[in-house]
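Peer 1: Provided below are the primary sequence and the corresponding predicted coordinates.
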2 protein chains.
Amino acid sequence: MDGHHVVVVGAGFGGLEAVHRLAGAPVRITVIDRRNHHLFQPLLYQVATAALGTAEIAWPIRHLLRRRREVTTLLGEVAGVDAERRAVKLADGEAISYDTLILATGSRHAYFGHDEWEPFAPGLKTLEDATTIRRHILLAFEEAERESDPARRAALLTFVIIGGGPTGVELAGTIAELARETLRSDFRSIDTRETRVVLIEAGPRLLAAFPDDLSDYAKKALERLGVEVKLGQAVTACDQDGVTFGAERLDAGTITWAAGVAASPAADWLGAPRDRAGRVIVEPDLTVPGRPEIFVIGDTASVKDEKGQPVPGIAPAAKQQGDYVAEVIRRRLAEKPAPPPFRYRHAGSLATIGKRAAVIDFGWIKLRGVIAWWIWGIAHIYFLIGVRNRLAVAMNWLWTYSFGQRSARLITQGDPAMLRRFRRV
Amino acid sequence: MDGHHVVVVGAGFGGLEAVHRLAGAPVRITVIDRRNHHLFQPLLYQVATAALGTAEIAWPIRHLLRRRREVTTLLGEVAGVDAERRAVKLADGEAISYDTLILATGSRHAYFGHDEWEPFAPGLKTLEDATTIRRHILLAFEEAERESDPARRAALLTFVIIGGGPTGVELAGTIAELARETLRSDFRSIDTRETRVVLIEAGPRLLAAFPDDLSDYAKKALERLGVEVKLGQAVTACDQDGVTFGAERLDAGTITWAAGVAASPAADWLGAPRDRAGRVIVEPDLTVPGRPEIFVIGDTASVKDEKGQPVPGIAPAAKQQGDYVAEVIRRRLAEKPAPPPFRYRHAGSLATIGKRAAVIDFGWIKLRGVIAWWIWGIAHIYFLIGVRNRLAVAMNWLWTYSFGQRSARLITQGDPAMLRRFRRV
């Protein structure tokens, strides 16, 4: 096939937005992703806490793009970029040549040099991460029900979340509700209301991206749900038995990592300059220095806003960058002058605390409490793709909200040996 | 705790029905299952073919029983029964003593002495089986899209189902619809309508439990959907590359096993007489010979109906047995005479062929076509547990029915290496 060939690696928010905004442009497009589905990451914690099923927040990429006849979707793992020959190298040896390349390969959770913590403190980035954490959480209650030793039982009923950003706050709030509300009548030997949920944050406050008063509110709202919030305490050890932070040692059956992310290896592929988190430091037009035909966007790009602050790794930022890059490509092909440099417009910050409170900072207005929760819920349903998923998620939420019950309390993907995992705690 | 202790192993249709029917009886009950969820197996093929998500057909057992304060649910794997000491032995060494034991441990798929076929022809009994088959099916299309060799591509687009019972018929019909309808617009290199779906049955007709004319109708209806039906042909080999049946060899990327089941090891645990499928041959009151305090019900019990025919391994039969056993226990505890021997009442046989046809044999009336499909659908939604799941499944079906789209087309649980699995075909 002829024509200018745009290759987009990664069908997250940034990559898909670029594809959408290139509709009608004189290009053919190949989308490469190692997953067959686009994932609505902002709600991933709800899969991890059994409120939503996996199919409700993920869509087959090729289905989303089925009406775009000029777009080819390819399930494959990228292993590198040959920038000289303008080709993407796949792990199976195939090479896909491009005229323009958009790298939107996202991030993974990072353990700040302590990768050995990962088996004990799994992070939350993929559907499998979410079902793994869901399994951990639900199995911990199952094991506690059968445990006769009080100390071990207390450890099994201790849930630690490391990291006080939006994901940590959301996980802590929903795990507390799961224990105190959803599971309350289901066990006989344990009282699930005795569950300890401990949120550990190294910085001086939760939700560092929000104003101080909303951080305070989030802390109080979490504490009302029964969460213990530990601020200014860095974790120094994670192991099979629990976690050490500051001078304290806590035995815990379940630890979840929400503390940090590292960029995809895009900078390695390109040999490009990178920041501390491994993100490619891009030009003001989001191209790689010296490679105007390669764009890097989303969580794997290091971009500054007008005030010199780093653009946050959130969905709206990735989408704005995808939109911008599509515009640059369109103008180039039409031989029009380039647009002004990318400028990030912060629409607002949102985070929920359990199912009846949230904090929102739109800049011009700050909201908290139940009203903020409703705005958060409506916004998220609006941004979900497809009427069907909106209905399904809305119905699930209504159900959880009204009856405190959750639809996806499944322990799956474990072999029977796993049943005894916690006995060693 | 005091009182007569009933232990129920297995929270399938039979086990749960026994628990429900024991409500109010002077007993305490322990339910043991190695899964945390009850599974609505009749719709499992819809998870395997991406029409339903996993959470829509499974419910946490302890949640179903939460209002029954005398019932304890225990997640654990049974390793044996010590009938002398009246105790169930768990795999982790714990022993649970009982006064009355109900074994409702179901069945697994069986390969008739060819267990080496299992990796190439997975069967369908658990949620993990279903997501494994879903991954196989969806990956085959992904790989075919990238395959340039026509013979290999044809092999990747060949789906073989072994076994022409209800599960085989349902799988064949839905895979054909998935290819011809759901996926039609999603690929660029392949025409998914060229997919071959081949259903192989060793016996002379499909749906052996149904009258001849409904078997014929099912065959014709499948053929209308594009399924090739091969009757009277026994499979003699399954391997990485495909399947051999009769004198024919067929290269196929995906093979699914729906041909046979074997009972759980309950007969081994008890040292009890068994039939060819490994089921415990029980007394007319469903107890184990010489052990009146042990009942065996459902797929793992060998029971004859009034005409001397074996009671089929279907949900209504298991439920009737659970109901009967509860009645026997109630009468014993009330020191009333035992009820008459168990008598199976066959309510009817149902099977669907794709999303617009079904066959139903109620005995007094036979139905087929669209009307049968609607009855099938309404019956299944009625038997689903919980209003929420009924709504969710009904909505999903309405969506699939109206738009041909499926909500759960997710390839999960695979490591990247798996992407290349099919390259060897």
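Peer 2: Noted; the coordinates are in hand. No experiment lies behind these values; they were computed from the predicted model shown.

Peer 1: any chance you could map the helices in chain A?
Peer 2: Using DSSP state H, the helices of chain A run over residues A:13-21, A:44-48, A:61-64, A:127-146, A:150-156, A:166-177, A:212-224, A:266-270, A:315-333, A:370-383, A:387-403.

Peer 1: Pull the third one out as PDB, backbone CA atoms only.
Peer 2: If I follow you right, that is helix A:61-64. Presented in PDB, the C-alpha positions along helix A:61-64 are these (Å, rounded to 0.1, in the frame of the first residue of the first chain):
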ATOM      1  CA  ILE A  61      -8.400  -2.200  20.000                       C
ATOM      2  CA  ARG A  62      -9.200  -3.400  16.500                       C
ATOM      3  CA  HIS A  63     -12.900  -3.200  17.300                       C
ATOM      4  CA  LEU A  64     -12.600   0.400  18.300                       C
END
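
Peer 1: hmm, that helix touching chain B?
Peer 2: Yes - using Cβ under 8 Å from any Cβ of the partner chain, we find that helix A:61-64 touches chain B at A:62-63. (C-beta placed from N, C-alpha, C; glycine too.)

Peer 1: what's next to that helix, contact-wise?
Peer 2: A:11, A:16, A:31, A:33, A:35-38, A:73, A:385, B:186-187, B:405, B:409 (Cβ atoms under 8 Å, 6 or more residues apart in numbering or on different chains).

Peer 1: contacting residues for residue A:317?
Peer 2: For residue A:317, the contact set (Cβ under 8 Å, 6+ apart) comprises A:298, A:303, A:311, A:344.

Peer 1: Next: residue A:56.
Peer 2: A:389, A:392-393, A:396, B:53, B:407.

Peer 1: which one of those is nearest residue B:353?
Peer 2: Closest to residue B:353 out of these is residue B:407 (21.3 Å), distances taken as Cβ to Cβ.

Peer 1: hmm, back to that, as JSON lines, the contacts of residue A:56 with distance to residue B:367, pLDDT and neighbour count would be great.
Peer 2: Listed next are the contacts of residue A:56 as JSON lines, based on distance: Cβ to Cβ, whole Å; pLDDT from 0 to 100; neighbours: other Cβ atoms under 10 Å in any protein chain shown:
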{"residue": "A:389", "distance to residue B:367": "34", "pLDDT": "73", "neighbour count": "19"}
{"residue": "A:392", "distance to residue B:367": "31", "pLDDT": "75", "neighbour count": "26"}
{"residue": "A:393", "distance to residue B:367": "37", "pLDDT": "77", "neighbour count": "22"}
{"residue": "A:396", "distance to residue B:367": "35", "pLDDT": "74", "neighbour count": "22"}
{"residue": "B:53", "distance to residue B:367": "29", "pLDDT": "87", "neighbour count": "27"}
{"residue": "B:407", "distance to residue B:367": "28", "pLDDT": "69", "neighbour count": "24"}
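
Peer 1: Tell me the one among those nearest to residue B:286.
Peer 2: residue B:53 (35.4 Å).

Peer 1: So that closest one is in contact with residue A:55, correct?
Peer 2: Yes - between residue B:53 and residue A:55 there is a contact under Cβ atoms under 8 Å: 3.6 Å.

Peer 1: For the helix or strand bottoming out on mean pLDDT in chain A, report the contacting residues that lie outside it.
Peer 2: Least confident element among the helices and strands of chain A, by mean pLDDT, DSSP states H and E: helix A:387-403 (a mean of 73). Helix A:387-403 has contacts (Cβ under 8 Å, 6+ apart) with A:43, A:51-53, A:56-57, A:59, A:182, A:355, A:377, A:380-382, A:384, A:405-407, B:388, B:391-392, B:395, B:399, B:405, B:407.

Peer 1: now swap in stretch A:211-218 and tell me
Peer 2: By Cβ under 8 Å, 6+ apart, stretch A:211-218 touches A:169, A:205-208, A:210, A:351, A:353, A:359, A:361, A:366, A:368-369.

Peer 1: Apply 6 Å and report the result again.
Peer 2: A:169, A:205-207, A:353, A:359, A:361, A:368 (Cβ atoms under 6 Å, 6 or more residues apart in numbering or on different chains).

Peer 1: Tell me which of those residues fall in strands.
Peer 2: A:353, A:359, A:361, A:368 (DSSP state E).

Peer 1: quick one: which of those is nearest chain B?
Peer 2: Nearest to chain B among the ones in strands among the contacts of stretch A:211-218: residue A:353, at 24.3 Å, using Cβ to the nearest Cβ.

Peer 1: Residue A:71: neighbour count?
Peer 2: 23 (other Cβ atoms under 10 Å in any protein chain shown).

Peer 1: Touching, it and residue A:30? I think so.
Peer 2: No - Residue A:71 lies out of contact with residue A:30 (Cβ atoms under 6 Å); the separation is 7.6 Å.

Peer 1: show me the residues around residue A:202 that make contact.
Peer 2: residue A:234.

Peer 1: please redo it, this time with the cut-off set to 8 Å
Peer 2: With Cβ under 8 Å, 6+ apart, residue A:202 has these contacts: A:232-235, A:259.

Peer 1: For the stretch 51-200 of chain A, what lies in contact range of chain B?
Peer 2: So the stretch 51-200 of chain A meets chain B at A:53-56, A:58, A:60, A:62-63, A:66-67, A:69, A:72-77, A:91-92, A:94, A:127-128, A:131, A:138-139, A:142, A:145-146, A:185-189 (Cβ under 8 Å from any Cβ).

Peer 1: Show me the shaky parts of chain A.
Peer 2: By pLDDT under 70, the weakly predicted segments of chain A are A:1-2, A:387-388, A:404, A:407, A:413-425.

Peer 1: what's the spacing between residue A:199 and chain B?
Peer 2: Applying Cβ to the nearest Cβ, to the nearest Å, the value for residue A:199 to chain B is 26 Å.

Peer 1: What's the local residue count around the residue nearest to that residue when sequence neighbours are not counted?
Peer 2: Of all residues not flanking residue A:199 in the chain, residue A:172 sits nearest, at 4.2 Å (Cβ to Cβ, 6 or more residues apart in numbering or on different chains). Neighbours of residue A:172 under the rule other Cβ under 10 Å: 32.
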